[in-house]
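Novice: Just need the structure, nothing else, for what follows:
(one chain, ligands or ions: 1)
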Amino acid sequence: MAEAGHAPHRPSEGLAHLIQRWSDPDGFLPFDRYWELAQFDEEEGYYARLRSPIGTAGDFYTAPSVGSFFGWTIADHLFEGWVELGRPSPFCFAEIGGGEGQLAADVIERLAERRPESAEWEFRFVERSQRRRARAVERLRPIAERGGMQFTVPESLGEGGPFAGSVVANELLDALPARRLRRLDGGWEELGVLLDRGELVPGSRPLTRPVTGPPLPELPPGAVYEFSPEAEGFVREVADSLLVGRAVFLDYGALETHWTRTATQGTVVALRSHAALADPLAEPGRSDLSSWVNFTRVRAAAQSAGMVERLYLPQREALVAWGLPERVEELAAAGSQEADRVRVRLQSKQLLVRFENFQVLELGNERTAG
Ligand SMILES: C[S@@+](CC[C@H](N)C(=O)[O-])C[C@H]1O[C@@H](n2cnc3c(N)ncnc32)[C@H](O)[C@@H]1O
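Specialist: Below you'll find the model as predicted:
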């Protein structure tokens, strides 16, 4: 449903102005650049809004909003990273794209319970949206301080130089701007947007921007191919920042051989109030954009950046291997009434079923090859 005063494809005046400003002289704006403005502009973008995007009153759920057992399981796995390295001190636990801090809150609480008194631990929280970050910091700083951990909020993961650590990013990569290309008979075209009398409409033009990384796949004419240069860049940033340790990415997506067959017109979706809009260009700046992570390219980027792949598994399998069922029972046992215990067990089932298209990619470096 359109907001009062907004036709479904009509951006706010401010967003329309930005689109015009960053479009090429012919009016065309590639899809990833549109995504960047519509989602991340600090005034006009989706993530700058007052309303929280995640949870019942928002537009989508993420795993941390289902129950604390998710965060506890992740915390234990990050903790294992510290143990594996011989318990170095100082040590850095980090989250990238932490939103308003739900996962970090559960992770910090769990880590604090397990921290030996002499261990110098930092929790580094990296979140691009100033509004989301400000909310998270207010919530997280006291939890970290109570737990005896230093809490830092850098602009980027590697701001303080390379570190020994355990890093997590949940549903970060699927939220990063994706390029969309369409296969033609004898080549490719780039898909994007145009403004037509104030309405956002789809546009295309011959592919001229370079595509770095693996060659484009063989697809039939008409097929749409998506990938996120920024997601691939993130993996390179982690490779540069993480001296020793592990980095865990949890996200929905697949190898491109899987989704190019099943989603021939691409996977980009716009969400509003927990429903997918029929057109990803609807509600510009007021709906959440995401796409399946192209794990073929992300894994290739990791490899070319010198990272070692420790794990690439369906999320369900990784969580079970990391002890999720035990954390669920721990939380259920803490419930004072039978109804609480039933609720926790139901939530854990929901987590494993609802997030079925999620994968876990865990990277390390040769010094911690695992
Ligand atoms: C889909 S939300 C996921 C939030 C949280 N991780 C969760 O699972 O509930 C994606 C988050 O990544 C953040 N983000 C996007 N690009 C980023 C970047 N370059 N650096 C840090 N955070 C970023 C967004 O602002 C947003 O809060």
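
Novice: Could you use CA atoms for every contact and neighbour count after this?
Specialist: Noted.

Novice: Enumerate the residues of the stretch 51-200 of the chain near the ligand.
Specialist: The stretch 51-200 of the chain has residues 62, 64, 96-99, 126-129, 170-172, 175-176 near the ligand, with proximity defined as C-alpha under 6 Å from any ligand atom.

Novice: and those, which of them are in strands?
Specialist: 96, 126, 170 (DSSP state E).

Novice: ok, what's across the strand from the second one?
Specialist: Which is residue 126. The bridge-partner assignment for residue 126, based on DSSP bridges, gives residue 96.

Novice: residues touching it, list them.
Specialist: Each residue near residue 126 by C-alpha atoms under 8 Å, 6 or more residues apart in numbering is listed here: 94, 95, 96, 97, 98, 153, 154, 155, 156, 157.

Novice: For residue 363, see how far away it is.
Specialist: 18 Å (C-alpha to C-alpha, to the nearest Å).

Novice: can you check residue 166 too?
Specialist: Distance from residue 166 to residue 363, by C-alpha to C-alpha: 10 Å.

Novice: ok, now residue 97?
Specialist: 17 Å.

Novice: Neighbour count for those two, which is higher?
Specialist: Comparing residue 97 with residue 363 by other C-alpha atoms under 10 Å, the one with more neighbours is residue 363, at 28 against 20.

Novice: Tabulate the ones in strands among the residues of the stretch 51-200 of the chain next to the ligand in a markdown table, adding columns for pLDDT and distance to residue 108.
Specialist: Listed next are these as a markdown table, based on pLDDT from 0 to 100; distance: C-alpha to C-alpha, whole Å:
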| residue | pLDDT | distance to residue 108 |
| --- | --- | --- |
| 96 | 97 | 14 |
| 126 | 97 | 14 |
| 170 | 97 | 15 |
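
Novice: and the gap between residue 119 and the ligand?
Specialist: According to C-alpha to the nearest ligand atom, to the nearest Å, residue 119 and the ligand sit 26 Å apart.

Novice: per-residue confidence at that residue?
Specialist: Looking at residue 119, its pLDDT reads 97.

Novice: quick one: it is in a helix?
Specialist: No - counting by DSSP: H, G, I helix; E, B strand; the rest coil, residue 119 falls outside a helix, being coil.

Novice: could you say which helix or strand contains the residue nearest to it when sequence neighbours are not counted?
Specialist: Distance criterion C-alpha to C-alpha, 6 or more residues apart in numbering; nearest residue to residue 119, sequence neighbours excluded, is residue 89 at 5.7 Å. Using DSSP states H and E, residue 89 maps to neither a helix nor a strand.

Novice: Now do residue 89: how many residues are near it, please.
Specialist: 13.

Novice: Neighbouring strands - and their directions - for the lengthiest strand in the chain?
Specialist: What stands out as the longest strand in the chain, according to DSSP E, is strand 242-254. Here strand 242-254 is paired, per DSSP bridges, with strand 163-170 (parallel), strand 293-294 (parallel), strand 358-365 (antiparallel).

Novice: Looking at those, which one is packed in the most?
Specialist: strand 293-294 (a mean of 28; mean count of other C-alpha atoms under 10 Å).

Novice: That strand near the ligand anywhere?
Specialist: No - applying C-alpha under 6 Å from any ligand atom, one finds strand 293-294 separated from the ligand by no less than 12.3 Å.

Novice: Quick one: distance of that strand to the chain centre.
Specialist: Its chain's C-alpha centre and that of strand 293-294 lie 11 Å apart, by C-alpha atoms, centre = their mean, to the nearest Å.

Novice: ok, and what's touching the following helix or strand past it?
Specialist: The helix or strand immediately downstream of strand 293-294 is helix 295-304, counting by DSSP H and E. Outside of helix 295-304, the residues within contact range by C-alpha under 8 Å, 6+ apart are 213-214, 227, 231-233, 235-236, 239, 253-256, 308-309, 363.

Novice: Please apply the same query to stretch 201-219.
Specialist: So stretch 201-219 is contacted by 9, 28, 181, 183, 188-195, 260, 281, 297, 300-301 (C-alpha under 8 Å, 6+ apart).

Novice: Could you list the low-pLDDT ranges of this structure?
Specialist: By pLDDT under 70, the low-scoring segments of the chain are 1-7, 366-370.

Novice: list the contacts for the residue nearest the centre of it?
Specialist: Centrality entry for the chain: nearest residue to the mean C-alpha point is residue 172, 1.1 Å, by C-alpha atoms, centre = their mean. For residue 172, the contact set (C-alpha under 8 Å, 6+ apart) comprises 96, 97, 249, 251.

Novice: how about a cut-off of 6 Å?
Specialist: residue 97 (C-alpha atoms under 6 Å, 6 or more residues apart in numbering).

Novice: that older thread, specify the angle between the longest strand of the chain and helix 295-304 in degrees.
Specialist: Between the axes of strand 242-254 and helix 295-304, defined by axes from the mean of the first three to the mean of the last three C-alpha atoms, to 10 degrees, the angle is 170 degrees.
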